Structure formats: C-alpha cells, structure tokens
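>>> The following comprises the amino acid sequence and a computationally predicted model.
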Amino acid sequence: MSQITVLVAPRSHPTSQRLTRCQADATAATVGLGLGQPVRLLCAGPMPDSVARDYLALGAPVLEVLASTAEAPLLDTLLPALRDVALVLTGTRSEADQGSGVLPYALAAALGRPVVTDVLRIEADGNGWIVTQALPKGARRRLKVQAPAVLAISAAAPVTLRHSLADALVGKIVRTAAAAVAPASPRGTLVATRKRRKLLEAKTVQSGHARMLGAIESPSTGGVVLQTGSVDAKAQAVLDYLRTHSLVTF
C-alpha cells in the first residue's frame with residue numbers, strides 16, 4: 001500500500017481565464033511533501049504541462065495525470081487509483097466554484113474511510129498520524145488518525161509555498177489512461193457552478209449632493225417654528241409643548 005497521494009487539479013483564473021494551479025491543492029501538496037515520505041501527486045482529467053510544472057515546482061518528483069473524458073464522473077476515475085493508498089490529501093474547496101467542497105466526503109464514503117476536514121498540520125506517530133484540526137473561533141483539536149483515511153487540508157495551514165525552477169524542470173509528468181470501473185454512485189444532475197449575481201439597485205435615484213445632505217442632516221421631527229409674537233406667547237407655546245409630552249408636571 002502506497003503511503004500518501006495528493007489530489008491536484010488546474011483552475012481557471014477569474015480575470016484572465018488562464019489555467020493555473022489551485023492554491024488549495026498546492027497547500028495540500030506542500031503539507032504532504034513536508035512529511036518526509038514518498039508523495040504522489042494525482043490529477044484526474046486534462047492538465048496542461050505548464051500547470052503540471054507549477055505543481056512539480058513545489059518539490060514533488062512525479063505528477064500522474066489520469067486521462068478521462070469530460071463526461072466521465074470524477075469519482076469513478078479516481079477510485080481505482082486510490083484504493084491502495086494510505087492517506088489521501090485534498091484541498092478543502094475550490095477557490096472559484098461555489099458548489100465545490102464535496103469531493104473529500106464523496107471519496108471517504110466511496111472508499112469506506114474516515115474523513116477529517118480543515119486540517120492544519122500532520123505529524124507521524126508510529127503506525128498512525130497526529131492531525132491538528134481547525135475549529136470555529138480559533139480553537140484547535142488534535143486527533144489520532146489511523147490509515148487509511150482522507151484528509152482535507154485547510155487553506156489556512158501554516159505552510160510556505162515554494163517554486164523551484166529546477167524541480168519544475170526535473171520533475172516527471174506521467175500520463176496514463178484511467179482504468180475502466182463500474183459507476184460508484186447513481187448518476188446525478190449537472191448544475192451550473194456559477195450563478196448570475198443579482199445586482200443591487202437603489203430604491204430612489206438621487207444626486208450626490210442630495211445623498212450627502214441626507215447623511216449629514218437630521219430629519220425633521222415635527223413642531224412649530226415661532227418667529228412672530230410676544231415673549232409671553234412664545235414662552236407659553238414652549239410650556240404647552242413640555243406639558244403635552246409630559247416633560248413637566250406643573
């Protein structure tokens with residue numbers, strides 16, 4: 001049984017639409033490479049050589065690409081290559097796709113293994129592993145995990161991503177055909193991962209000057225402005241106002 005396999009994939013840059021390496025997958029690969037054991041980077045589906053070299057620049061000696069069609073389910077392509085792997089490392093979620101983050105759970109369910117998410121650090125401990133998991137409000141938890149298992153590395157893992165040109169040129173890209181396997185789960189319905197955002201519209205159209213006045217001027221609360229009349233009449237009006245609002249009792 002091989003020890004560690006890290007799943008990686010290309011992502012489309014939100015601005016240039018150019019394929020690059022995924023930050024979450026690169027973080028997972030860096031955590032795996034820091035364990036001092038043989039690590040295999042694995043990608044299911046097409047990956048350009050430029051993106052593969054970016055992953056190899058992290059220090060991995062080999063990146064294996066499983067050729068598959070766009071219609072082939074990702075889970076069915078990965079399962080034959082992961083059945084004999086002790087630890088499977090993935091990113092927590094994709095950086096751009098809103099419907100991502102399901103792969104670690106789907107893999108663990110299909111392989112019959114436990115899954116730990118938001119992993120910050122992995123330490124070898126005899127025949128097992130000590131995993132530090134991030135919890136809400138900055139809390140941390142240490143777990144003893146026995147292989148085989150699926151670990152989803154948090155994007156906040158305290159690692160430094162390296163980019164070695166020598167490793168990028170020396171590393172090997174191995175492209176193999178995905179093994180044929182029966183569907184692991186019923187076919188679902190494909191939905192768009194990106195939805196059109198609803199634009200916010202102002203309730204009223206005002207000029208900049210009017211909006212500024214509305215922000216600095218206090219709204220009128222009603223009342224009467226007395227500009228004429230005697231002093232006694234004005235004093236009586238003030239007294240009546242105070243009595244009306246129960247501010248005085250005399």
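The structure has been received and is ready for your questions. Residues are numbered from 1 along each chain as shown.
>>> Only C-alpha atoms from now on, for both contacts and neighbour counts.
Noted.
>>> Packing partners of the longest helix anywhere in the chain?
Once the chain is assigned using DSSP state H, the helix that runs over the most residues is helix 231-244. Packing contacts for helix 231-244, counted by 3 or more Cα pairs under 8 Å, 6 or more residues apart in numbering; DSSP states H and E, involve no helix or strand.
>>> Could you check it and say which residues are buried?
Using 16 or more other Cα atoms under 10 Å as the burial criterion, none of the residues of helix 231-244 qualify.
>>> pull the CA atoms of it into PDB?
The C-alpha atoms that make up helix 231-244 are tabulated as PDB, following Å, rounded to 0.1, in the frame of the first residue of the first chain:
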ATOM      1  CA  VAL A 231     -42.200  86.800  24.600                       C
ATOM      2  CA  ASP A 232     -45.100  85.600  26.800                       C
ATOM      3  CA  ALA A 233     -46.700  83.900  23.800                       C
ATOM      4  CA  LYS A 234     -43.500  82.100  22.900                       C
ATOM      5  CA  ALA A 235     -42.900  81.000  26.400                       C
ATOM      6  CA  GLN A 236     -46.500  79.700  26.700                       C
ATOM      7  CA  ALA A 237     -46.000  77.700  23.500                       C
ATOM      8  CA  VAL A 238     -42.800  76.100  24.900                       C
ATOM      9  CA  LEU A 239     -44.600  75.300  28.200                       C
ATOM     10  CA  ASP A 240     -47.500  73.700  26.300                       C
ATOM     11  CA  TYR A 241     -45.200  71.500  24.400                       C
ATOM     12  CA  LEU A 242     -43.400  70.400  27.500                       C
ATOM     13  CA  ARG A 243     -46.800  69.600  29.200                       C
ATOM     14  CA  THR A 244     -48.000  67.700  26.100                       C
END
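>>> which other residues reach it?
Contacts of helix 231-244 with the rest of the structure, by Cα atoms under 8 Å, 6 or more residues apart in numbering, involve 226, 248, 249, 250.
>>> Could you dump these into CSV and include pLDDT and secondary structure?
Formatted as CSV, those follow (pLDDT from 0 to 100; DSSP: H, G, I helix; E, B strand; the rest coil):
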residue, pLDDT, secondary structure
226, 78, coil
248, 84, coil
249, 81, coil
250, 78, coil
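>>> could you dump those residues to TSV with distance to residue 11?
Converted to TSV, the contacts of helix 231-244 look like this (distance: Cα to Cα, whole Å):
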residue	distance to residue 11
226	70
248	71
249	74
250	77
